[in-house]
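Novice: for reference, the sequence and a predicted model appear below.
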Amino acid sequence: MASMSFKGSRSSLSISSDAADSHKPPIPPTVGFGRRTSSGRYVSYSRDDLDSELGSSDFMNYTVHIPPTPDNQPMDPSISQKVEEQYVSNSLFTGGFNSVTRAHLMDKVIESEASHPQMAGAKGSSCAVPGCDAKVMSDERGVDILPCECDFKICRDCYIDAVKTGGGICPGCKEPYKNTDLDETAVDNNSRPLPLPPPGTMSKMERRLSLMKSTKSVLMRSQTGDFDHNRWLFETRGTYGYGNAIWPKDGNLGNGNDDEVVEPTELMSKPWRPLTRKLKIPAAVLSPYRLLIFLRVVVLALFLAWRVNHPNNDAIWLWGMSVVCEIWFAFSWLLDQLPKLSPINRATDLNVLKDKFETPTPNNPTGKSDLPGIDVFVSTADPEKEPPLVTANTILSILAADFPVEKLACYVSDDGGALLTFEAMAEAASFANIWVPFCRKHDIEPRNPESYFNLKRDPYKNKVKQDFVKDRRRVKREYDEFKVRINSLPDSIRRRSDAYHAREEIKAMKLQRQNREDEPVESVKIPKATWMADGTHWPGTWLNPATEHSRGDHAGIIQVMLKPPSDEPLHGTADDRLIDLTDVDIRLPLLVYVSREKRPGYDHNKKAGAMNALVRASAIMSNGPFILNLDCDHYIYNSQAMREGMCFMMDRGGDRICYVQFPQRFEGIDPSDRYANHNTVFFDVNMRALDGLMGPVYVGTGCLFRRIALYGFDPPRSKEHHPGCCSCCFFGRNKKHSSMAHTSEENHALRMGDSDDEEMNLSLLPKRFGNSMFLIDSIPVAEFQGRPLADHPAVKNGRPPGALTIPRELLDASTVAEAISVISCWYEDKTEWGNRVGWIYGSVTEDVVTGYRMHNRGWKSVYCVTKRDAFRGTAPINLTDRLHQVLRWATGSVEIFFSRNNALLASPRMKLLQRIAYLNVGIYPFTSIFLIVYCFLPALSLFSGQFIVQTLNVTFLTYLLIITVTLCLLAVLEIKWSGIALEEWWRNEQFWLIGGTSAHLAAVLQGLLKVIAGIEISFTLTSKSGGDDVDDEFADLYIVKWTSLFIPPITIMMINLIAIAVGFSRTIYSVIPQWSRLLGGVFFSFWVLAHLYPFAKGLMGRRGRTPTIVFVWSGLIAITISLLWVAINPPSSSTQIGGSFQFP
């Protein structure tokens, strides 16, 4: 394995900020480094052009670290870039704090052969140069690139050596290379409608940003006529091709004269159709629903007033506790119910999306996709609790998604740095070679192979192609072999590491014998490393942890598993795979493995820190303007889910949407949903209701983000919607200019801050985002690409149609080296990552806090419920795991309540009802204190012979009846407009009490300990594995794992059961039985026990495994205790019934 070191050098760049000098070329920095070739030679290089807009007039003076890269200038530009990208995809990049960034060229990534040309370590011809066994350069199909007419096979490194040090002479025929042949190859392999300027005249970031500067743009007229909404054009300097909404006359760039601009007539003549529409709840359902809420509020107020004014003087302590609890319950119900006043449904139109973005138009004659890119994040941390097979299936569903291949990228964050996850990803990339084309050919749903092959319905329904049965059988066999390879990876890695370790020990002993010929040989102890498939040390976590190779101490790792696809479709043939793929696109999306650097002494901030590392790495490598984040066990169930989300982002006003949240749906839940794992009341009632306000909360997975919203910027036109709130411009313009009526749109696009006095100039950017200029340069590009189409006069802040049809930039070594630097453990020091930028730190529920910050800045979110579930995942069906999950959520809510993220401190930009919804998120765990007291009140009432009221009079019963009936009617209407089942509503009510008396109470205590005493709370991952019984799908449901959270509910059940027995005994033995008090106490005790029934059932374990004698003993103990209570506290009068009762 060859390796290349990127030696860090720093260049101090003094850049003038005068706009008049903006036409001057940038001052190129010089970076020196060395490279070791496959043949062992060392070659020194210098790089004169780096892909960063460091010469722009908008940048101030500061020092930045620039990673170097090999210089391939003698080659044809397009060929050199492709060869460089092939080199990058076959290299494992490592680096971090106080260490050199290295690119380890890998011969193979997994034990089996990789056949797809995009995959790292793909098989190919070997170099014919003596002493070199590297792979020959290849194109998109894996066909060898042979630069000489003699067809001499040569690898990238040897070709560079021949050109630079060998005078450009072919080692085979000894004739000079002919670049004209390479030019022809470049034209054949990468045909474009209009050529771009050569890289030598313009840097990569110049091609990206182009006219996104403060100079006057071609577009001097907006769709509204008020000001210019398209100042930042995504176009190439000096060359106008497809993608310009307004064409300049005679190729002139324009000088501010409106007469030189021509507006295409098709924008005005073509009818405009929306991508989404609101589906309002019928008034016949919503009006009674709102009326009932108002009626119940009035009745609750009257009831509480009556309760306060009519105390029970016989048991004032019982009355006082009950009144306090009832007041809190009324307040808590009001917080939960008020945000539900305006529920809505939404619908998308995928046909309109296709017409607008993927249909040939005058601005896009070829019909190439004009959709923005999406970067998909998959997070995993522990391969033992999150099985690699589950993660691999999630990745496969992403790679097979119905979205333009060249616009899709998948990043997998392995926070454990495990070789098992790395090789499982590589196996998934290899299997995707056949799985993804199979899905495209036969329109497979779902595109998770495990779920697809386990479908209980007929797999041949609606399949019309004659070869489907044959193809399915072959793919099923390949998947079975794939599963076996994944399952065998732990043993394979262990055996391989043991073998290499034994070899290293033998070598060390031989070396010791040579050095000490006459002395006795001692046993040699060397660290037991974990070895990769190519025979080198794994740079991440070892099976036997060692220094710099443990879970919390390892280097940053990036491996491009699947390099970026070609820009044009690549159709398969009938002979190149197991199935006939004629006319099927066989390209695969970009797939990248990322394991951020971890070092002792640094707070890595758990999942939020891993997500932020992916945000930075993806911004440098692909910079998709939208980000979809998924947990490793949540896969894409609807292949068009991303298109559905894109409808909202690309519709009119979509530029003000920060994220599109999809509902969470789960598989593997027991049919009765004993512990309300589906959580349908939250996802189908509460979230739909919030969608009628500023949008749903972010729930951690299945969410499509706008990248610039994650960067902490304010939404466009924020001052128009909130005139009282000030913010500052991204590029630091003058205050009085931004207040003018005809301010340019670039002053409205990117803002961050709470005051105009805090002007964002470039000296502040490193303080917010870090010192990576690659990252900072990518921000305005992501903002522009994420804008809706400017295809209607009412669309504000739009972009011209066809602007995103240009090819994506190819990866090079400097780009990946920069990505390594931004995932290092020190990068976030003294920046605003985790504080204002990216996922927010400081809470175990970082998802809710991150969404709250966006809403607090004025962004809106959207809830997208698709006809076919967008995503599906797994949930813990075991009682203990479920309670621990709820405990983690509730603890995060308590942390939010005691932090500056409390909704009471929200900005005026947040609507009142949205603020109430977020306030309820922070307050709901505190209900457990009152709930647990109220659950003991029936027992105390039965023990004492008193009740919460003096007597069960008509007034109390009437209030109780009205409150109960209105609650039931509200539930029925919620079921009507949300579509949930009555059983699901009842299961939610039951688990509300189970969680409230166990996990929520513990969360309040833990939250108070953290706030008062500073005691940190640590949580373990929820295991995604099932029970030991492989024959029972729900074996995990019956496993009883003791936890202290069981104590309060068990205590409540036992005391209430005993109290019922005691109450009945007292009433029976009384001369004048107080049946009203007994009935009141027994009714509320049964209410408590009915809610705790699923909990009691969970304690019983599997049906039929609990001996009958246990139930008999339980009944005898309850009766004995009841009789004992009567004997200890007998009736005071001997004339009462049972007064003469005595134990024998």
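Specialist: Everything's here; your move. Residues are numbered from 1 along each chain as shown.

Novice: same for the helix or strand hosting residue 512, what does it pack against?
Specialist: Assigned by DSSP states H and E, residue 512 belongs to helix 468-515. The contact analysis (3 or more C-beta pairs under 8 Å, 6 or more residues apart in numbering; DSSP states H and E) places helix 468-515 against helix 388-399, helix 419-442, helix 449-453. For the C-beta atoms, the positions are set from N, CA and C on the backbone; glycine is no exception.

Novice: enumerate every residue touching residue 345.
Specialist: When the contact criterion is C-beta atoms under 8 Å, 6 or more residues apart in numbering, the partners of residue 345 are 278-281, 688, 865.

Novice: show me what it bridges to in the sheet.
Specialist: On the basis of DSSP bridges, residue 345 takes part in beta bridges with residue 279.

Novice: with residue 418 instead?
Specialist: Under the criterion DSSP bridges, residue 418 forms beta bridges with residue 541.

Novice: that one contacts residue 383, correct?
Specialist: Yes - under the criterion of C-beta atoms under 8 Å, residue 418 is in contact with residue 383, at a separation of 5.0 Å.

Novice: between those two, which one's more packed in?
Specialist: When neighbours are counted by other C-beta atoms under 10 Å, residue 418 and residue 383 differ, and residue 418 comes out ahead with 27 against 22.

Novice: returning to that earlier point: what about the helix holding residue 512, average pLDDT?
Specialist: Looking at helix 468-515 alone, the average pLDDT works out to 91.

Novice: quick one, it and helix 388-399 angle?
Specialist: With axes from the mean of the first three to the mean of the last three C-alpha atoms, to 10 degrees applied, the angle from helix 468-515 to helix 388-399 works out at 130 degrees.

Novice: mind giving me the domain ranges of the protein?
Specialist: The record, using the TED database to delimit domains, assigns the chain the ranges 126-175, 285-343+876-1021+1035-1096, 382-451+534-716+808-872.

Novice: okay, these, which one's buried deepest?
Specialist: domain 382-451+534-716+808-872 (a mean of 22; mean count of other C-beta atoms under 10 Å).

Novice: where's the residue nearest to residue 971 when sequence neighbours are not counted, which helix or strand?
Specialist: Ranked by C-beta to C-beta, 6 or more residues apart in numbering and with sequence neighbours excluded, the top spatial neighbour of residue 971 is residue 985, at 5.4 Å. Take DSSP H and E as the rule and residue 985 turns out to sit in helix 982-996.

Novice: show me what secondary structure element comes after that helix.
Specialist: Per DSSP H and E, the first helix or strand lying C-terminal to helix 982-996 is helix 999-1013.

Novice: just checking, next helix/strand downstream of that following helix?
Specialist: By DSSP H and E, the next helix or strand past helix 999-1013 is helix 1047-1069.

Novice: so what's residue 490 up against?
Specialist: When the contact criterion is C-beta under 8 Å, 6+ apart, the partners of residue 490 are residue 420.

Novice: for residue 628, see how far away residue 614 is.
Specialist: 11 Å (C-beta to C-beta, to the nearest Å).

Novice: got it, and residue 644?
Specialist: Distance from residue 644 to residue 628, counting by C-beta to C-beta: 12 Å.

Novice: do residue 503 as well
Specialist: Here the criterion is C-beta to C-beta. By it, residue 503 lies 44 Å from residue 628.

Novice: with residue 876 instead?
Specialist: Counting by C-beta to C-beta, the separation of residue 876 from residue 628 is 24 Å.

Novice: and the residue lying closest to residue 677 once chain neighbours are set aside, how many neighbours?
Specialist: The shortest distance from residue 677 to any residue that is not its chain neighbour, by C-beta to C-beta, 6+ apart, is 4.3 Å, and that residue is residue 875. For residue 875, the tally of surrounding residues (other C-beta under 10 Å) stands at 22.
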